[in-house]
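Enquirer: Quick one, fold the following:
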Amino acid sequence: MNPLPTDAAGPGALRAPRFLTASLARELGILLCLSVMFPFLIHVLPVPETARLGAMLLPMFYAPLLAGLWGRKRSALAVALLAPWLNWALTSHPSPLGAIVMMVQLLVFVLTLRSLMLFIGARPFLAAPAYFLAMAASLAVTAAFPELGNGQSAFDSTVRSMAIGLPGIAILVLLNWLALQYYPPGSADGGPRMA
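Expert: Numbers count the residues shown, from 1 in each chain. This is a model prediction of the structure:
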């Protein structure tokens, strides 16, 4: 007895599980590459050593934002789960404890973004409230598990992160607007509106 489902092409042909299509695998691969590339490019910019560009520009949020805006819920959630660990495996940043916090932030960010789109529709400002709720979730997690905060006050650390990340929030809102302007979710041709 064959435990794997067969395709209509022949009795011995195997098919991929329904949740993992070639399109989804390709999309996920591209988004995971972007989720590693954006932070890497930000960190190679020539700036003083004291500047924390990753914390300022929030590049880890770019790929989940785009996936969430374009209606790619499964891909956005997979990127939120995998991107911090992929970055840690390739660059040793963030630390494993930081990767847990980042994973929570990205998951809440994506879920909030998708929920807001469901209830109020695609709007050019959705990235900001999604980011703030992600930081609130980060505050709750680091308050509940202080070891994730490296001994820092959860509230002080979260407020400091949001203050440092103000330029990144502006970039997220700009990306939000650009994505909806030039590649709206559910466009008829499946590509940029202006192409």
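
Enquirer: Can you mark which positions in the least confident helix or strand in the chain by mean pLDDT are buried?
Expert: Taking mean pLDDT, DSSP states H and E as the measure, helix 22-43 is the helix or strand of the chain with the lowest mean score, a mean of 85. Within helix 22-43, the residues that qualify as buried by neighbour count (16 or more other Cβ atoms under 10 Å) are Glu27, Leu28, Leu31, Leu32, Leu34, Ser35, Val36, Phe38, Pro39, Ile42. For every residue, glycine as well, the C-beta is placed using N, CA and C.

Enquirer: and the two most separated of those?
Expert: With distance counted by Cβ to Cβ, no two of these lie farther apart than Glu27 and Ile42, which are 22.9 Å apart.

Enquirer: For the least confident helix or strand of the chain, output the C-alpha coordinates as PDB.
Expert: As requested, C-alpha coordinates have been extracted for helix 22-43 and formatted as PDB (Å, rounded to 0.1, in the frame of the first residue of the first chain):
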ATOM      1  CA  ALA A  22       5.900  25.200  -6.500                       C
ATOM      2  CA  SER A  23       4.600  28.800  -6.500                       C
ATOM      3  CA  LEU A  24       4.600  29.000  -2.700                       C
ATOM      4  CA  ALA A  25       8.100  27.400  -2.400                       C
ATOM      5  CA  ARG A  26       9.400  29.900  -5.000                       C
ATOM      6  CA  GLU A  27       7.700  32.800  -3.200                       C
ATOM      7  CA  LEU A  28       8.900  31.800   0.200                       C
ATOM      8  CA  GLY A  29      12.500  31.400  -1.200                       C
ATOM      9  CA  ILE A  30      12.400  34.900  -2.600                       C
ATOM     10  CA  LEU A  31      11.000  36.400   0.600                       C
ATOM     11  CA  LEU A  32      13.500  34.600   2.800                       C
ATOM     12  CA  CYS A  33      16.300  35.800   0.600                       C
ATOM     13  CA  LEU A  34      15.000  39.300   0.900                       C
ATOM     14  CA  SER A  35      14.600  39.000   4.700                       C
ATOM     15  CA  VAL A  36      18.400  38.200   4.900                       C
ATOM     16  CA  MET A  37      19.500  40.600   2.200                       C
ATOM     17  CA  PHE A  38      17.800  43.700   3.600                       C
ATOM     18  CA  PRO A  39      19.500  43.500   7.000                       C
ATOM     19  CA  PHE A  40      22.800  42.600   5.400                       C
ATOM     20  CA  LEU A  41      22.700  45.600   3.100                       C
ATOM     21  CA  ILE A  42      21.800  47.900   5.900                       C
ATOM     22  CA  HIS A  43      24.700  46.600   8.000                       C
END
